[in-house]
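coordinates for the following, if possible.
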Amino acid sequence: MYLYFLKIAFDNERYDFQISDVAVSKELGLTRKTIKSTKEKLKSLGLIQFQTKNGLPCNYRLLLDYPLSVSEPKNVIKEEIKKEEFIQKEEKLVFPSPTVPPIQNFFENTVQKVEAQSSREKSNNKNTPSWEEFIEFAQTLEIYESQLDFEIQTKYESWKNNEWKNHVDRPITNWKSALKSALPFMKKTTEGSMLSLKSIPNINRPKSLSKK
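Okay, here's the model as predicted:
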């Protein structure tokens, strides 16, 4: 489940997103009870935060400042230390710290594997959806509303003009998953625009004080 959340964050280039337990259940084949207990466990480990509201998708945020236990450095023979210092002075090299946080290392390896898989899938599958296929799939999603059509079309044209790459030139290999993850943010943008329009008051033209 955490790997699935990492994939959603990777596809959207951000660490906060919305997704319902029903959608997670369909994607991973898990029961609602298992999803609830698993996200509570991830929260207790300091990996995620989430907020639930009745009738709305769950808001998630992946945490980067998770607690790490760093092991104490091992004793090193003085001769080896002097040898390293000599090499650094001669070649003017800066050696990286030998201690790598286990979770950070795991995250970096996961991102590398996802990028490698994305490259392979792109070379094996060059088919991209038409606009009709794109909008038909969007209409099957639970969060879809007709007022989102403009935002959906804008997203489609953006991905299509960029050869189905995102704004950092990473290939979009699973456009259905990417669209499903992007819809909640489109909905927020649309609701914000509608609110701004409704907040503009009607201004009546002032009556002339004198008639000529």
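
for Arg169, give its distance to Pro129.
Check again: residue 169 is Asp, not Arg. As defined by C-beta to C-beta, to the nearest Å, Asp169 lies at a distance of 20 Å from Pro129. From N, CA and C alone the C-beta is placed, and that goes for glycine too.

more neighbours: which of the two?
A direct count of neighbours by other C-beta atoms under 10 Å for Asp169 and Pro129 places Pro129 higher, at 17 against 8.

correct me, but that one touches Asn174?
No - using C-beta atoms under 8 Å, Pro129 makes no contact with Asn174, being 11.2 Å away.

tell me which element Glu108 is part of?
Glu108 is part of helix 102-124 when elements are defined by DSSP states H and E.

please enumerate residues in contact with the very next helix or strand once past that helix?
Beyond helix 102-124 in the direction of the C-terminus, DSSP H and E gives the next helix or strand as helix 131-139. With contact meaning C-beta atoms under 8 Å, 6 or more residues apart in numbering, helix 131-139 is reached by 129, 144, 148-149, 152-153, 156, 175-176, 179, 183.

how about 6 Å then?
Here helix 131-139 makes contact (C-beta atoms under 6 Å, 6 or more residues apart in numbering) with 144, 152, 156, 176.

how about stretch 140-148?
Contacts to stretch 140-148, defined as C-beta under 6 Å, 6+ apart, come from residues 138, 180, 183, 186, 190.

how about the residues you listed, which pair is most distant?
Lys180 and Thr190 (16.5 Å; C-beta to C-beta).

for those two, indicate the residue with more neighbours.
Neighbour totals were compared for Lys180 and Thr190, and Lys180 leads with 22 against 16 (other C-beta under 10 Å).

disregarding flanking residues, what is the spatial nearest neighbour of the more buried one?
Leaving aside its sequence neighbours, Lys180 sits nearest to Leu141 (C-beta to C-beta, 6 or more residues apart in numbering; 6.0 Å).

how is that neighbour assigned, secondary-structure-wise?
What DSSP: H, G, I helix; E, B strand; the rest coil gives for Leu141 is coil.

how near is it to Gln49?
25 Å.

what do you get for Leu42?
Applying C-beta to C-beta, the value for Leu42 to Gln49 is 9 Å.

more neighbours: which of those two?
When Leu42 and Gln49 are compared for neighbours, Leu42 comes out ahead with 19 against 14, by other C-beta under 10 Å.

that one and Phe50 touch, don't they?
No - counting by C-beta atoms under 6 Å, Leu42 does not reach Phe50; the two are 8.5 Å apart.

which residues does Phe50 form a beta bridge with?
Taking DSSP bridges as the rule, Phe50 bridges to Tyr60.

how many residues are close by it?
Phe50 has 15 nearby residues by other C-beta under 10 Å.

also the one 4 residues further on?
As a burial measure, the neighbour count of Asn54 was computed by other C-beta under 10 Å and equals 4.

which secondary structure elements does the host helix or strand of Lys187 contact?
Assigned by DSSP H and E, Lys187 falls within helix 175-198. Applying 3 or more C-beta pairs under 6 Å, 6 or more residues apart in numbering; DSSP states H and E, one finds that helix 175-198 contacts helix 2-12.

with just CA atoms, put the helix it packs on into PDB.
C-alpha atoms of helix 2-12 as PDB (Å, rounded to 0.1, in the frame of the first residue of the first chain):
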ATOM      1  CA  TYR A   2       2.900   2.400   0.800                       C
ATOM      2  CA  LEU A   3       4.500   1.600  -2.600                       C
ATOM      3  CA  TYR A   4       1.200   2.400  -4.300                       C
ATOM      4  CA  PHE A   5       1.100   5.800  -2.500                       C
ATOM      5  CA  LEU A   6       4.700   6.400  -3.600                       C
ATOM      6  CA  LYS A   7       3.600   5.700  -7.200                       C
ATOM      7  CA  ILE A   8       0.700   8.200  -6.900                       C
ATOM      8  CA  ALA A   9       3.000  10.900  -5.500                       C
ATOM      9  CA  PHE A  10       5.600  10.100  -8.300                       C
ATOM     10  CA  ASP A  11       2.900  10.400 -11.100                       C
ATOM     11  CA  ASN A  12       1.700  13.800  -9.700                       C
END
